[in-house]
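> Okay, predicted coordinates and the sequence, questions at the end:
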Amino acid sequence: VDSAPEEPIENLKPLLFDTAQAAYLSGYLAAGLTQTGTVATFGGIPIPPVTVFMDGFVDGVAKHNEDKGTDVAVLGWDKEAQNGSFTGDFEDQNKGKQVTANFIQQGADIILPVAGPVGLGAAAAAQEADGVNLIWVDSDGYETAPDFAELFITSVLKRIDSATFAATEEALAEEFTNETYVGTLENEGVGLAPYHDFEDVIPDELKAEVDALEQAIIDGEIVVESPASPTA
C-alpha cells in the first residue's frame, strides 16, 4: 500500500492512490467556504503520498479563483517549487499544533493537514481558535477523530477498502495480476467523505459545483496533475 517495487514482483500487487483528484475537490470547496480568503496545508514528511494531497488541494483553490474571480491564498505549499511546510514526522502533535497556530495567525481559517496523527495537533489548535475548520485526509475524520468531529468540513478519502476489495476479487476469480491498482475518482478508490455537520452549512450551489467537477475529472474533461500522482 502506497509503494511499489522498482521492478515488478510476480505475486505482489501495489495499491496506490491518486488522492490529488479528491484533494482538488476539497481545495475548491475550501476556497468557496473561506471567510478570510486564506486557507492552508502542511505535511508530515515530503514524500509522494503526502505531497500528492497538497498538489491537488492547491490546484482546486486555483480552479475556484479562476472560475469565480476570487483571490484565495494558500499557505504552506508551493506546488511549482514543490516545497512548503512539514513537521518532519507523523507523531509529534505539538508540531502540528504550532504549525497550525502560525497559519491561523496569518489568517487561515480552513486547513488541510496531511500528517497522520500530527494532524490531531492541528485539530487542537483549530478547536482553540474561533471560526477555524479542517479538512481531514485518508479516513473520514468525523468518525476516526470524534473529539474534533465538529471541525471537519469533509475528508479526502484514500479508499484502501475499495483497493483491497478489488485485489481480492481478482484473486477469487483466479484473475490476479501484479499490475498496479491506482485508486481514482472513477473507480471510487479516492473521494470525499460526507459533509456531516456541514451539510446544511455548505451552499447548495457550491455542492453542485463540486459534484460537477468530480464528474468532469471522471470524464477526463479536467486532468488533475501532480508529480506525485501514481501511474498504473
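Received, thanks.
> And residue 6, how far from residue 67?
Separation of residue 6 from residue 67 (CB to CB, to the nearest Å): 40 Å. The way it works is simple: take the backbone N, C-alpha and C, and place the C-beta from them, glycine included.
> Residue 34 contacts residue 109, doesn't it?
Yes: using CB atoms under 8 Å, residue 34 is in contact with residue 109, at 5.6 Å.
> on that earlier part again, compare neighbour counts for residue 6 and residue 67 and give me the winner.
More neighbours surround residue 67 than the other of residue 6 and residue 67, with 13 against 5 (other CB atoms under 10 Å).
> got a list of what the more buried one touches?
By CB atoms under 8 Å, 6 or more residues apart in numbering, the contact list for residue 67 is empty.
> where does it fall, phi/psi-wise?
Here is the backbone geometry of residue 67 (degrees, to the nearest 10): phi -80, psi -30.
> And the helices in the protein?
Along the chain, counting by DSSP state H, helices occupy 20-33, 48-68, 93-105, 118-128, 141-144, 160-172, 204-218.
> will you turn those helices into CSV that also has distance to residue 154 and mean pLDDT?
Listed next are the helices of the chain as CSV, based on distance: least, CB to CB, whole Å; pLDDT from 0 to 100:
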stretch, distance to residue 154, mean pLDDT
helix 20-33, 6, 98
helix 48-68, 12, 97
helix 93-105, 18, 97
helix 118-128, 14, 97
helix 141-144, 8, 97
helix 160-172, 18, 95
helix 204-218, 9, 98
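> most tightly surrounded among the ones you listed?
Of all these, helix 20-33 has the most neighbours on average by mean count of other CB atoms under 10 Å, namely a mean of 28.
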